[in-house]
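>>> next input, structure requested:
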Amino acid sequence: MKNESVMMVGPTAVPQRVLDAMNRKSISHRSVEYCEIQARVSAGLKKVFGTQNEVYILTSSGTGAMEAAIQNCFSFGDEVVIPILGTFSAQFAAMAEAFKLKVVRVDYALGEAADVETVMHHVTPATKGVFVIHNESATGVFNDLQAFGEVLKETDTLFITDSVSGAGGLEMKMDDWHIDILLSSSQKALMVPAGLAFISLSEKAWKASETSDIPTYYFDLKKSRDFYSKDQTPNTPAVYNVFAVDEALKMIFEEGVEQVYQRHEKNTLAIIDGVKQLGYDIFPKDEKRASRTLTAVYAPGKAKRIVEELAKRNIIVNGGLAPNEEDVFRVGTMGFIFKEDVDAFLNALSEVRNLFTDCP
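Numbers count the residues shown, from 1 in each chain. A predicted model of the protein is given here:
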């Protein structure tokens, strides 16, 4: 039994087995041994991403992969459409604007998911890209990527997806869903310490990269492609994190990718059912679009205190993000989370609820 249940939205709990894999001697990132490890990691990430395209390792947070997507495949002044659902989709829009792209924002009320019809109303023949976040961890909703990919597949418009809090916990089929740029990072459902990002490009995206006029250096994916031909990265990677990803992927495949998805689904539905039984609600407006890697719980005026009281009971969750920090707390079920963690959280929340005289 765990002494503490770390149910954060990220960085998530790291299994002891993954930590142990990092407890080893240093090796050169140009050594044969490292190349063999990177080749395994690359093959494993392709399975998680659901793609035949190469998946490149970047030593950065997921934000670095977001920059790489913009820098490599767009040009100054390009028009892009971005549905804004919360903090992280807004961050993608702000980043695109920083690189002088013309951003068409499609604003949604917090707690809503993006719908294809509304977003596509803003897409024109001049639109170079549609950026859709897979899983908005600020509000606890996920988007229907397959639906977006279906309507964009026959166009010249790139379909870009941030799956930082999705990949490894939510079903992902990059190729089948016609996603052109897919990115994620290590510290969420992949159960690895923060420090690595991952990005994959379709042939359509590589074609767009040929005409990009935004300067690149560290995040030059053409360099990555060249070095990947010999199972290396252009610059020194976070080698120990690569050790960790190698081991975490082994754990995922031992459990079975589909079984991992089912575990995330089962745990999240148990959280949703449990908080409702305790008199709370979830923040997403449509439960069908509620994330399966985290749950945003609506507790008006009480969220911060609940997070503090849960921590006293060794249940570590996250508070909400502005403007909902007083009213929402977020419970991660991504990565190394099991039924015992869910039960411990719900038992602790039941105790905390009784501290309030005006329950819930």
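>>> and F227, what does it touch?
Counting by Cβ atoms under 8 Å, 6 or more residues apart in numbering, F227 touches T233, P234. (C-beta placed from N, C-alpha, C; glycine too.)
>>> likewise E150?
Taking Cβ under 8 Å, 6+ apart, we find E150 in contact with W177, H178.
>>> what about it, helix or strand, and which?
In this assignment (DSSP states H and E), E150 forms part of helix 145-152.
>>> same thing with A205?
Element membership of A205, judged by DSSP H and E, is helix 203-209.
>>> hmm, who's touching that helix?
With contact meaning Cβ under 8 Å, 6+ apart, helix 203-209 is reached by N53, N72, C73, F74, K128, L158, D180, I181, L201, L221, K222.
>>> tell me the two of those that are most distant?
Spatially, the most separated pair among these is N53 and K128, at 19.6 Å (Cβ to Cβ).
>>> show me the shaky parts of the chain.
Along the chain, segments meeting pLDDT under 70 span 1-2, 357-360.
>>> regarding it, what is its longest helix?
helix 257-277 (DSSP state H).
>>> got the contact list for that helix?
Residues outside helix 257-277 that contact it (Cβ under 8 Å, 6+ apart): 47-48, 168-171, 189, 252, 255, 281-282, 287, 290-295, 297, 331, 333-334, 337-339, 341-342, 345-346, 349.
>>> just the CA atoms of it, as CSV, please.
Backbone C-alpha positions of helix 257-277 (Å, rounded to 0.1, in the frame of the first residue of the first chain) are rendered in CSV as follows:
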residue,chain,number,x,y,z
VAL,A,257,-1.6,-0.2,-24.2
GLU,A,258,-5.3,-0.9,-24.5
GLN,A,259,-5.3,-2.1,-20.8
VAL,A,260,-3.6,1.2,-19.8
TYR,A,261,-6.3,3.2,-21.5
GLN,A,262,-9.0,1.1,-19.8
ARG,A,263,-7.3,1.6,-16.4
HIS,A,264,-7.3,5.4,-17.0
GLU,A,265,-11.0,5.3,-18.0
LYS,A,266,-12.0,3.2,-15.1
ASN,A,267,-10.2,5.2,-12.5
THR,A,268,-11.5,8.5,-13.9
LEU,A,269,-15.1,7.3,-14.0
ALA,A,270,-14.7,6.1,-10.4
ILE,A,271,-13.5,9.6,-9.4
ILE,A,272,-16.4,11.3,-11.2
ASP,A,273,-19.0,9.0,-9.7
GLY,A,274,-17.4,9.3,-6.2
VAL,A,275,-17.2,13.1,-6.1
LYS,A,276,-20.8,13.3,-7.3
GLN,A,277,-21.9,11.0,-4.5
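>>> from the chain's centre, how far out does that helix sit?
Centre-to-centre, helix 257-277 and its host chain are 17 Å apart (Cα atoms, centre = their mean, to the nearest Å).
>>> same question, stretch 99-106
That offset, for stretch 99-106, works out to 22 Å (Cα atoms, centre = their mean).
>>> could you do stretch 234-250 as well?
18 Å.
>>> need the residues that contact that stretch.
14-15, 17-22, 24, 26-27, 29, 34, 37-38, 40-41, 44-45, 48, 57, 59, 186, 190-193, 195-196, 218, 220, 223-224, 226-227.
>>> restricting to C-alpha, output it in PDB.
Taking C-alpha atoms only, stretch 234-250 is exported to PDB below (Å, rounded to 0.1, in the frame of the first residue of the first chain):
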ATOM      1  CA  PRO A 234      21.700  16.800 -32.600                       C
ATOM      2  CA  ASN A 235      22.500  18.000 -29.100                       C
ATOM      3  CA  THR A 236      23.200  16.300 -25.800                       C
ATOM      4  CA  PRO A 237      19.900  14.900 -24.600                       C
ATOM      5  CA  ALA A 238      18.800  14.400 -21.000                       C
ATOM      6  CA  VAL A 239      20.300  10.900 -21.100                       C
ATOM      7  CA  TYR A 240      18.900   9.800 -17.700                       C
ATOM      8  CA  ASN A 241      15.400  10.800 -18.700                       C
ATOM      9  CA  VAL A 242      15.800   8.700 -21.800                       C
ATOM     10  CA  PHE A 243      16.700   5.800 -19.600                       C
ATOM     11  CA  ALA A 244      13.500   6.500 -17.700                       C
ATOM     12  CA  VAL A 245      11.400   6.600 -20.800                       C
ATOM     13  CA  ASP A 246      12.800   3.300 -22.000                       C
ATOM     14  CA  GLU A 247      11.700   1.600 -18.700                       C
ATOM     15  CA  ALA A 248       8.400   3.400 -18.600                       C
ATOM     16  CA  LEU A 249       7.500   2.200 -22.100                       C
ATOM     17  CA  LYS A 250       8.400  -1.300 -21.100                       C
END
